[in-house]
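S.K.: fold the following.
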Amino acid sequence: MDTTSKTQAIDRLKSAQNILITVSSNPSVDQLSAAIGAALLLSKAGKHATAVFSGQVPSTIEFLKPEETFEKNTDSLRDFIISLDKSKADKLRYKVEDNVVKIFITPYKTSLSSADLIFSDGDFNVDVVLALGVDKKEHLDNAVMSQSRILHDAAVIGFMAGKLPIDTGSINWQSEKSSSLSEMMAGIADSFGADLLDSQIATAFLTGIVAETERFSNEKTTPQVMSTSALLMNAGANQQLISTELSEEDEQAPTDLPKPDEEGLLALPKEETGVQPPVQMPAPQPVQATPQQQQQQQTAPQFVMPPPMQSEAQALQEKNRLDQINIDEQGNFVSAEDQASGDVPLTTGQNMPEHHDKTIQPPVHQGAETFSKYVEQAPMSGGTLTANTVPEALDPSTDPLAGSLPSTEPGIVGGLRPEQQMNPDAARQAVLDAVNAATPQQPNQPLPPLQNIGAQILDEIPHPQTQEASPPPLQMAPPIVPPPLPLPNQQV
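M.R.: Below is the predicted model:
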């Protein structure tokens with residue numbers, strides 16, 4: 001506690017005659033209760049004390065009768081001046097009759113009327129401004145802040161309880177250990193005279209203490225607070241009335257909040273005036289392109305979106321369709337769609353199209369659509385085709401190009417008899433004819449499904465829309481044929 005500031009504040013208040021007591025622009029119950037008690041205390045000590053608050057006083061302190069103490073403005077602190085030409089006045093005296101003050105002016109060699117009098121306002125009659133709970137001058141009540149003349153001429157003293165910094169006036173008394181401003185004012189009451197505390201003043205100070213300590217239940221409740229409260233109760237403070245009035249404030253506070261419904265949901269209050277219609281925004285106006293921009297748009301390459309990728313649902317549907325492919329009695333793969341449309345693959349005994357000997361073609365793409373095809377290449381020889389299939393050795397008697405084991409018979413060269421030996425030119429031509437015959441002529445023409453083999457539907461492989469021309473037939477280089485071996489009895 002700053003004892004120096006406390007002593008200076010008490011001495012300045014004791015020497016002052018006209019004291020203005022005020023609070024902040026947003027005061028607490030403690031500030032208002034302390035201002036009411038201070039105004040009553042200083043007035044009982046013989047001071048001209050006036051409490052000013054221009055805001056709305058809360059209903060919880062109506063039992064303190066704040067309307068009898070607080071004033072809304074500072075008009076009562078200013079003198080009212082009546083001016084008269086001194087050459088027309090001889091004597092001046094006043095007389096108090098009941099509740100009326102009569103002023104008597106004796107004229108000098110003339111007559112007087114209201115036209116001879118001039119009425120005006122004098123200066124503010126304030127010696128000290130006592131600011132309770134105001135940390136800065138800018139936070140003073142609006143009625144006091146509007147009269148800068150008062151703050152300029154009068155001395156300002158600030159009181160603050162707690163640790164909130166204060167910089168209000170020339171003298172600032174801050175008590176960090178005090179629970180409230182009411183406790184501070186009650187502690188210095190004896191400095192202005194003995195037995196000044198009465199029931200009304202003590203009740204006002206105890207109201208502020210109870211409000212700040214939350215009925216002596218929070219951390220601000222100290223032994224000093226209890227001692228001061230006991231002193232105020234001995235002076236006549238109505239503790240039961242205070243507890244009842246402050247309890248009603250706590251009970252009324254939650255009524256303004258919305259209550260949850262049966263499902264535990266809070267319904268926001270609706271305004272009686274209805275819902276404001278949405279703001280209609282003007283429609284955007286199209287921007288006219290310049291001739292140069294139009295030409296650029298026409299010449300610019302158009303971007304074509306690629307076909308959308310197959311979704312998971314479509315992939316699952318395609319898988320289910322493949323699972324529905326069955327094998328009929330003849331060994332053919334037939335899907336449910338083929339059975340419904342009557343499109344049944346050809347059997348082995350039916351005529352195959354011309355292109356049945358062509359190579360397997362990939363799926364054909366037309367725009368964004370893709371068509372799956374069956375395996376269209378039939379095996380050219382018997383046997384089972386597997387991943388591990390290896391070519392079978394042919395009988396040398398059926399292979400005109402294959403050699404045989406060396407023989408000692410006369411006339412046999414390379415394992416061949418003279419009637420089985422072939423001219424090298426004829427063999428070369430036979431190879432070229434076989435290669436040209438195996439070259440596909442129309443690789444992009446779809447082929448019908450084959451029978452009696454493990455045909456499967458090929459996956460859809462994206463291809464460009466434009467199809468490239470078929471490559472020319474493969475031209476094989478002439479094989480290198482070794483010179484014939486000399487026959488027996490032939491000279492080299």
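S.K.: where do the helices sit along the chain?
M.R.: 3-15, 29-44, 142-145, 148-153, 181-187, 199-212, 223-234, 239-252, 291-299, 312-323, 336-341, 424-438 (DSSP state H).
S.K.: figure out which of those helices is closest to residue 168.
M.R.: helix 148-153 (10.1 Å; CB to CB). Bear in mind the C-beta positions are built from the backbone N, C-alpha and C, glycine included.
S.K.: which one of the helices of the chain lies nearest to residue 72?
M.R.: Here helix 142-145 is closest among the helices of the chain (CB to CB), at 6.6 Å.
S.K.: packing partners for that closest one?
M.R.: Judged by 3 or more CB pairs under 8 Å, 6 or more residues apart in numbering; DSSP states H and E, helix 142-145 is in contact with strand 18-22, helix 148-153.
S.K.: can you say which of the ones you listed is packed in most?
M.R.: Highest mean neighbour count of the helices and strands packed on helix 142-145: strand 18-22, a mean of 24 (counted as mean count of other CB atoms under 10 Å).
S.K.: where are the low-confidence patches of the chain?
M.R.: Regions of the chain meeting the criterion pLDDT under 70 cover residues 1-2, 248-313, 320-423, 435, 437-492.
S.K.: measure the nearest residue to residue 233 once chain neighbours are set aside to residue 63 for me?
M.R.: Closest residue to residue 233 apart from its sequence neighbours, by CB to CB, 6 or more residues apart in numbering: residue 239 at 5.7 Å. Distance, residue 239 to residue 63, using CB to CB, to the nearest Å: 13 Å.
S.K.: next: residue 135.
M.R.: For residue 135 relative to residue 63 (CB to CB), the value is 29 Å.
S.K.: same check, this time on residue 40
M.R.: 14 Å.
S.K.: okay, now the closest residue to residue 188 other than its chain neighbours: neighbour count?
M.R.: Distance criterion CB to CB, 6+ apart; nearest residue to residue 188, sequence neighbours excluded, is residue 10 at 5.8 Å. Neighbourhood size, residue 10 [other CB atoms under 10 Å]: 16.
S.K.: residue 10 reaches residue 190, doesn't it?
M.R.: No - Residue 10 sits out of contact with residue 190 when judged by CB atoms under 8 Å, with a separation of 10.3 Å.
S.K.: just to revisit the earlier point, quick one, which of the helices of the chain gets closest to residue 102.
M.R.: Per CB to CB, nearest to residue 102 of these: helix 29-44, 26.2 Å.
S.K.: ok and the closest one relative to helix 223-234, angle-wise?
M.R.: 50 degrees (axes from the mean of the first three to the mean of the last three CA atoms, to 10 degrees).
S.K.: report the angle between helix 29-44 and helix 3-15.
M.R.: Using the same axes, to 10 degrees: helix 29-44 against helix 3-15 is 50 degrees.
S.K.: returning to that earlier point: which one's more surrounded, residue 40 and residue 63?
M.R.: Neighbours per residue, other CB under 10 Å: of residue 40 and residue 63, the larger number sits with residue 40, 22 against 15.
S.K.: contact partners for that one?
M.R.: 69, 200, 201, 204 (CB atoms under 8 Å, 6 or more residues apart in numbering).
S.K.: now the last one. Nearest residue, chain neighbours left out?
M.R.: Nearest non-adjacent residue to residue 204, counting by CB to CB, 6+ apart: residue 37, 3.6 Å away.
S.K.: next one: the one you found from residue 233, what distance?
M.R.: 14 Å.
S.K.: the two - which one has more neighbours?
M.R.: residue 37 (30 against 14).
S.K.: how close does the residue nearest to residue 188 sit to residue 130?
M.R.: In terms of CB to CB, residue 10 sits 11 Å off from residue 130.
S.K.: name the nearest residue to residue 160, ignoring sequence neighbours.
M.R.: Using CB to CB, 6+ apart, the closest residue to residue 160 is residue 166 (4.0 Å).
S.K.: from memory that neighbour sits against residue 174, does it?
M.R.: Yes - with contact defined as CB under 8 Å, residue 166 and residue 174 form a contacting pair (5.3 Å).
S.K.: what sits in contact with each of the two?
M.R.: residue 160.
S.K.: residues near residue 207, how many?
M.R.: So residue 207, with other CB under 10 Å, has 32 neighbours.
S.K.: ok, and the closest non-adjacent residue to it?
M.R.: Closest to residue 207 by CB to CB, 6+ apart is residue 33, at 4.3 Å.
S.K.: wait, what's in contact with that neighbour?
M.R.: 61, 64, 182, 204, 205, 207, 208, 211.
S.K.: can you check residue 61 too?
M.R.: Applying CB under 8 Å, 6+ apart, the residues contacting residue 61 are 29, 32, 33, 36, 207, 245.
S.K.: take these and write them to JSON lines, including distance to residue 156.
M.R.: Output for those, formatted as JSON lines (distance: CB to CB, whole Å):
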{"residue": "29", "distance to residue 156": "23"}
{"residue": "32", "distance to residue 156": "19"}
{"residue": "33", "distance to residue 156": "21"}
{"residue": "36", "distance to residue 156": "20"}
{"residue": "207", "distance to residue 156": "26"}
{"residue": "245", "distance to residue 156": "32"}
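S.K.: from these, which two are the most distant?
M.R.: 36 and 245 (13.9 Å).
S.K.: now do the phi/psi pair for the residue nearest to residue 164 when sequence neighbours are not counted.
M.R.: Of all residues not flanking residue 164 in the chain, residue 135 sits nearest, at 5.7 Å (CB to CB, 6+ apart). Phi and psi for residue 135, reported as degrees, to the nearest 10, are phi -80, psi -30.
S.K.: need the contact list for the closest residue to residue 118 other than its chain neighbours.
M.R.: In space, and not counting its chain neighbours, residue 118 is closest to residue 83: 3.9 Å by CB to CB, 6+ apart. Shown in contact with residue 83 (CB under 8 Å, 6+ apart): 117, 118, 119, 120.
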